[in-house]
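In: Got a sequence here, can you build the structure:
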Amino acid sequence: MCTRDCGFCAVEHGTPFPLNASEPETVARAVTELKLQYVVLTSVTRDDLQDGGASHYAEAIRAIRTLDPGVKIEVLIPDLKGDPTALETILKEQPDVLNHNVETVPRLYPQVRPQADYRRSLELLKRAKEIGSSLLTKSGFMLGLGEIQEEVLDLLADLRGVGCDFLTIGQYLQPRSDRLPVVRYVLPEEFEDYRRIAQELGFKGVASGPFVRSSFHASQMLRMAPINKMKLQIPKAQRAGYRSSPTKGRGFPERKCLC
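Out: Residues are numbered from 1 along each chain as shown. Take a look at the predicted model:
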């Protein structure tokens, strides 16, 4: 049960049950029993909790590392309502990768993520880099919801502008009949074009294809970048000035939004 009702997601909307205090330990034991070397921790959005569930993430990381300090941990987190203290709670446990998906271009947020905010998501990724200078950050989005080429290129530039390291791009598929319809099935060649452009922009790792999802080959992506001990620091006011204008001759078919 999720406290938000996004147009692309099949998870039920409503009031979730209270947190299960034993869940972090249960997850840690499962990781150990399955002999997992790379784990992605994620959750529904918990706007009903003061810290958005940040302390629960922190407890799960600690529990896993207590049983097996060698496990690599990626956290795929909600936006925590933009609370910097909640974000710091998670980052103090030094996950290997901090993942937060922007999901789509800003114009489509009212339909796709009505209770979220594009700039708030970018700020979370930016602040994570300011707090943990060696932290690897990751984001992802879907194609096929009605976005156009120029919007996708701007989105790529925005993510690089906040220092995002890893990127996943996949095809949106309607999970049930009352969710947003698929506007367009994107050609594999277009996914490849976006992958190439993203790499040219400086992403350390990019997975782009119709069947790619947030955790697609996550452990392989981590191996693409050098791992340094994350150092926490007081956030500094800084603005990444990188911006890319849409380019021509990239091999994209000309198209208009159909939504």
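In: Make sure residue 78 is indeed in a strand.
Out: No: per DSSP: H, G, I helix; E, B strand; the rest coil, residue 78 lies outside any strand segment and is coil.
In: now it, nearest residue through space, not along the chain?
Out: residue 45 (4.0 Å; Cβ to Cβ, 6 or more residues apart in numbering). All C-beta atoms are positioned from the backbone trio N, CA, C, and that covers glycine.
In: how many neighbours does that neighbour have?
Out: 24 (other Cβ atoms under 10 Å).
In: Spit out the contact partners of it.
Out: Applying Cβ atoms under 8 Å, 6 or more residues apart in numbering, we find residue 45 in contact with 2, 3, 4, 52, 78, 79.
In: any idea how far residue 39 is from residue 53?
Out: Counting by Cβ to Cβ, to the nearest Å, the gap between residue 39 and residue 53 amounts to 17 Å.
In: Actually, residue 222.
Out: Taking Cβ to Cβ, one finds residue 222 at 23 Å from residue 53.
In: With residue 117 instead?
Out: When residue 117 is compared with residue 53 (using Cβ to Cβ), they lie 18 Å apart.
In: Can you pick out the residue with more neighbours from the two?
Out: residue 53 (23 against 14).
In: CA atoms only for the helix or strand of the chain with the lowest mean pLDDT - export them in CSV, please.
Out: Evaluated with mean pLDDT, DSSP states H and E, the helix-and-strand set of the chain has its lowest mean pLDDT in helix 218-222, which scores a mean of 93. The C-alpha coordinates for helix 218-222 follow below in CSV (Å, rounded to 0.1, in the frame of the first residue of the first chain):
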residue,chain,number,x,y,z
ALA,A,218,22.5,-3.1,-11.1
SER,A,219,25.6,-4.9,-9.8
GLN,A,220,27.3,-4.7,-13.3
MET,A,221,26.6,-1.0,-13.4
LEU,A,222,28.3,-0.4,-10.1
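In: If we go by neighbour counts, what in that helix is buried?
Out: If you call a residue buried by 16 or more other Cβ atoms under 10 Å, then helix 218-222 has these buried ones: 218, 219, 221, 222.
In: Now do it: everything it contacts.
Out: 37, 38, 40, 72, 74, 96, 97, 136, 138, 166, 205, 207.
In: Narrow those to those in strands?
Out: 38, 40, 72, 74, 97, 136, 138, 166, 205, 207 (DSSP state E).
In: Mind putting the residues you listed into a markdown table with pLDDT and neighbour count?
Out: Shown next, in a markdown table, are the ones in strands among the contacts of helix 218-222 (pLDDT from 0 to 100; neighbours: other Cβ atoms under 10 Å):
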| residue | pLDDT | neighbour count |
| --- | --- | --- |
| 38 | 97 | 18 |
| 40 | 98 | 16 |
| 72 | 97 | 18 |
| 74 | 98 | 24 |
| 97 | 97 | 23 |
| 136 | 97 | 27 |
| 138 | 98 | 27 |
| 166 | 97 | 24 |
| 205 | 95 | 20 |
| 207 | 97 | 23 |
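In: That'll do, ta.
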